[in-house]
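>>> After the sequence you'll find the predicted model.
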Amino acid sequence: MDKLIELMPFLEHMIKSVPWLIKGVQYTFIITILGVAIGFVIGAFAGLGRLSKNKLIYGISTIYVEIIRGTPILVQILFIYFGLSDLFGLNIDKITASVIAIAINAGAYIAEIVRGGVQSIDKGQFEAGDSIGLTKNQTMWNIIWPQAFRRMIPPLGNQFIISLKDTSLFSAIAVGELVYQGKAYTAASFSYFEPYLMVGLFYLAITIPSSIILRRLEKRLDV
């Protein structure tokens, strides 16, 4: 009985922090889904650009990928939110800045996934397309891309999980995502262990099922 009484404050803070964290999960998902979706479009173009024989397209794509992959996402979000506002006088709201940061960051990594996926397809497939009278673009979109995209699905899923965890850094600009909401609860309750424990459990509740789904998808697709 005494042990139960001792646990009451512990459980109380864990339960009370849940509504705060649920609000944070909503922002976490919104930023991640929008950012990765836009990032996929950017990454697809940049990845194909990295395969282009046009030196200008190849150069621009390579510079983008190397700069983004070579700098921390926290620096990128601070640059977008504070740097661009200071340089151009732009008034970018926190959520928009966060989505842009995720999109640009994920896009660079997705570009390498796309490049690797396309390169993994046997060159004979291109020759097969040419032999039946298809143009290079027709061969790419009708023969190569469907096969390559199938192989991209597992690493794209991993990138989604990585980007989701990266949203935790946006608490630096007071975006109300999961970590920020945890910090807000600690400020209101002066309790630290329980809310941060719950933040970790919330992330695990998202990432573990996602990982299981990805593994099952890999088995189903046999990739």
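Yes, it's here. Residues are numbered from 1 along each chain as shown.
>>> got a list of what the nearest residue to Pro155 once chain neighbours are set aside touches?
Leaving out its chain neighbours, the residue that sits closest to Pro155 by C-beta to C-beta, 6 or more residues apart in numbering is Ile113, at 4.7 Å. The C-beta positions use only the backbone N, C-alpha and C, and glycine is treated the same way. Contacts here follow C-beta atoms under 8 Å, 6 or more residues apart in numbering; on that basis Ile113 touches Gly43, Gly47, Met152, Pro155, Leu156, Gln159.
>>> The same query, at a cut-off of 10 Å, please.
40, 43-44, 47, 106, 148, 151-156, 158-159 (C-beta atoms under 10 Å, 6 or more residues apart in numbering).
>>> Now do it against Ser163, distance only.
13 Å (C-beta to C-beta, to the nearest Å).
>>> hey, what's in contact with both of the two?
Joint contacts of Ile113 and Ser163 (C-beta under 10 Å, 6+ apart) are Ala106.
>>> Where is the longest helix in the protein?
In the chain, assigned by DSSP state H, the helix with the most residues is helix 2-49.
>>> So Val175: helix, strand or coil?
Classification of Val175 by DSSP: H, G, I helix; E, B strand; the rest coil places it in coil.
>>> from the chain's centre, how far out does the strand or helix carrying Tyr185 sit?
Assessed by DSSP states H and E, Tyr185 sits inside helix 178-189. Relative to the chain's own centre, helix 178-189 is displaced by 23 Å; criterion: C-alpha atoms, centre = their mean, to the nearest Å.
>>> per-residue confidence averaged over that helix?
Mean pLDDT, helix 178-189: 85.
>>> and if you look at stretch 159-169?
pLDDT averaged over stretch 159-169 gives 92.
>>> quick check, distance from that stretch to the centre of its chain.
So, by C-alpha atoms, centre = their mean, the centroid of stretch 159-169 is 5 Å from its chain's centroid.
>>> swap in stretch 88-103?
16 Å.
>>> ditto for stretch 67-80
14 Å.
>>> how far does it stretch from start to finish?
Counting by C-alpha to C-alpha, to the nearest Å, you get 14 Å between the two ends of stretch 67-80.
>>> same thing with stretch 135-146?
Start-to-end, stretch 135-146 (C-alpha to C-alpha) is 16 Å.
>>> List the buried residues of stretch 205-221.
When neighbours are counted by 16 or more other C-beta atoms under 10 Å, the buried residues of stretch 205-221 are found to be Ile206, Leu214.
>>> tell me the mean pLDDT for it?
pLDDT averaged over stretch 205-221 gives 84.
>>> From the rest of the structure, what touches that stretch?
25, 28-29, 32, 150-151, 153-158, 160-162, 164-165, 178, 198, 223.
>>> can you do 7 Å?
The contact list for stretch 205-221 (C-beta atoms under 7 Å, 6 or more residues apart in numbering) reads Arg150, Ile153, Pro154, Gly157, Asn158, Ile161, Leu164.
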